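Trainee: Pasting the sequence and the predicted coordinates here, then a few questions.
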Amino acid sequence: MRKTVANTEILRLITESETTLSHADIKSLLPEGLCDRVTIYRVLDRLVEEGLIHKVVNIDGVVNYASCDGCTTKHHHNHVHFNCEKCNAVTCLDNVEPTFKLPEGYSVKEMNFVISGLCPNCN
C-alpha cells in the first residue's frame with residue numbers, strides 16, 4: 001500500500017486504541033479535511049487485506065476495526081471479542097480462543113465471535 005498521510009493516521013488511530021473503532025469513530029478522530037469517507041473505507045479495506053487490522057461486527061451489526069497482531073491470509077482473528085451492552089465498546093480478548101467443530105464438508109473463511117455483557121468500566 002502507498003504510504004499516505006491518511007493511511008498512516010488511520011492505522012495509528014486503530015493501533016493506539018484500546019477498543020475497536022468504527023468508520024464513524026475514525027472519521028470523527030481524523031483531522032478535518034484529511035480525507036473523505038470513501039477514502040477511509042478504501043484505506044480500511046487495504047489494511048484488512050494486508051493483515052494489519054481486522055474487522056469485528058458488533059452486536060448491533062456495525063463493523064468495527066481492530067489492530068491485528070499476526071493476521072495473515074490463513075490466520076485472521078481467531079479470538080473472542082467482547083461487546084459492552086452499556087457503553088458499546090468492543091474489545092479484543094486475545095487470550096480467549098473459541099473451539100468448535102464443523103460438520104464434514106464445511107470450511108471456514110472468516111470467524112466473528114462476539115460475547116456481549118458489561119465491561120469492567122460499566123460493571
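Mentor: Everything's here; your move.
Trainee: alpha carbons only for contacts and neighbour counts from here, please
Mentor: Noted.
Trainee: Using the three-state scheme, assign the spatially closest residue to V48 that is not a sequence neighbour.
Mentor: The spatial neighbour of V48 that comes closest, neighbours along the chain excluded (Cα to Cα, 6 or more residues apart in numbering), is H54 at 5.4 Å. Assigned by DSSP: H, G, I helix; E, B strand; the rest coil, the conformation of H54 is strand.
Trainee: gap between H54 and C68?
Mentor: 6 Å (Cα to Cα, to the nearest Å).
Trainee: what do you get for L52?
Mentor: 5 Å.
Trainee: cool, P103 as well?
Mentor: Remark: distance between P103 and C68 (Cα to Cα) = 28 Å.
Trainee: Flag the shaky bits of this structure, pLDDT-wise.
Mentor: 1-2, 69-78 (pLDDT under 70).
Trainee: mind checking the SS state of the residue lying farthest from the centre of it?
Mentor: Computed with Cα atoms, centre = their mean, the maximum C-alpha offset from the centroid of the chain is found at E104, amounting to 29.5 Å. When classified by three-state DSSP, E104 comes out as coil.
Trainee: which residues touch it?
Mentor: When the contact criterion is Cα atoms under 8 Å, 6 or more residues apart in numbering, E104 has no partners at all.
Trainee: What does it show for phi and psi?
Mentor: phi -60, psi 140 (degrees, to the nearest 10).
Trainee: More neighbours: P103 and C68, which one.
Mentor: Counted by other Cα atoms under 10 Å, P103 and C68 do not tie: C68 has more neighbours, with 20 against 7.
Trainee: For that one, which non-adjacent residue is spatially closest?
Mentor: Distances taken as Cα to Cα, 6+ apart place I53 nearest to C68, at 4.5 Å, with adjacent residues excluded.
Trainee: Tell me which residues are up against the helix or strand harbouring L11.
Mentor: Per DSSP states H and E, L11 falls inside helix 5-16. Defining contact as Cα under 8 Å, 6+ apart, one finds that helix 5-16 is touched by 20-21, 26, 29-30, 34-35, 40, 43-44, 47, 53, 65-67.
Trainee: Understood, closing this out.
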